[in-house]
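**Student:** What follows is a predicted protein model with its sequence.
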Amino acid sequence: MKRIDWNIQYLSLPPVIKHCKKCGKKTEFICSGMFRINAQRKYLDVWLIYKCSNCNSTWNMTIYTRVKPKSIEPKLLEAFHNNDKELAERYAVNLELIRKNGVELGYTKYKIIGEDINFRIPVELHIKSTYPSQLKVAALIREKLNLSQSSFESLITKGLIRGDTEINLKKCRLRTEVIVIIDSLDWSEVAFALAL
Ligand SMILES: [Zn+2]
């Protein structure tokens, strides 16, 4: 069995979905990758700045609120001041923090980087994301292999595409890694799957 890896490459920091007061509806707020720090004598606040994609209104996601400046490591504080890219990404994908702020994680544009599958030899496919992704595994496989919904479901029903564990491939989300087994298909099955 041949191992193939697909890595999800994100093209931007994920936005959040929230109600925009100015727009009067739920909109997508784009992550600026910039921090805002408010340091008063006793307390420190740190936010990650977002902007409404529709009207440019700013919304700040709370990271720290009213903490003692000494309780944050100098290195971390410096990274906030320098708008460290990796640090911004870490907060922008932190589901717990996003939920705590009462907003939802939005949809991020991505590319699937990895070899194609020709169905001639069995494959152990590892689909990986650098952070817990909400993307549906079925959608990723269908997109990359150019499969219609019905051909994909038929391959699953026949057991020719399956998870390496008891996962529901029609519904499950990627998170950080999913392993999928794809059997070799005979010509008629390939023709059917790809609707040739
Ligand atoms: Zn707006």
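**Tutor:** Looks like it arrived, so ask away.

**Student:** partners of the helix or strand containing Ile113, with directions?
**Tutor:** Using DSSP states H and E, the element containing Ile113 is strand 110-114. Paired with strand 110-114 in the same sheet, following DSSP bridges, are strand 2-10 (antiparallel).

**Student:** Look up the residues forming beta bridges with the residue most central in space within the chain.
**Tutor:** Residue closest to the mean C-alpha point of the chain, counted by C-alpha atoms, centre = their mean, is Ser133 at 3.4 Å. With DSSP bridges applied, Ser133 shows beta-bridge pairing to Arg175.

**Student:** burial of Cys52, as a residue count?
**Tutor:** 19 (other C-beta atoms under 10 Å). For every residue, glycine as well, the C-beta is placed using N, CA and C.

**Student:** Who are the contact partners of it?
**Tutor:** Cys20, Lys22, Cys23, Thr27, Glu28, Phe29, Ile30, Thr58, Trp59 (C-beta atoms under 8 Å, 6 or more residues apart in numbering).

**Student:** gap between it and the ion?
**Tutor:** Distance of Cys52 to the ion, computed by C-beta to the ion, to the nearest Å: 3 Å.

**Student:** For the closest residue to that residue other than its chain neighbours, grab the count of nearby residues.
**Tutor:** Leaving aside its chain neighbours, Cys52 sits nearest to Cys20 (4.6 Å; criterion: C-beta to C-beta, 6 or more residues apart in numbering). Applying other C-beta under 10 Å, we find 19 residues neighbouring Cys20.

**Student:** what's the answer for the one 10 residues further on, then?
**Tutor:** Taking other C-beta under 10 Å as the neighbour definition, Ile30 ends up with a count of 18.

**Student:** Could you do Thr130 as well?
**Tutor:** Counted with other C-beta under 10 Å, Thr130 comes out at 12.

**Student:** one step back: the residue nearest to the centre of the chain reaches Pro14, doesn't it?
**Tutor:** No. Taking contacts as C-beta atoms under 8 Å, Ser133 lies outside contact range of Pro14: 9.2 Å.

**Student:** Good, we can wrap up now.
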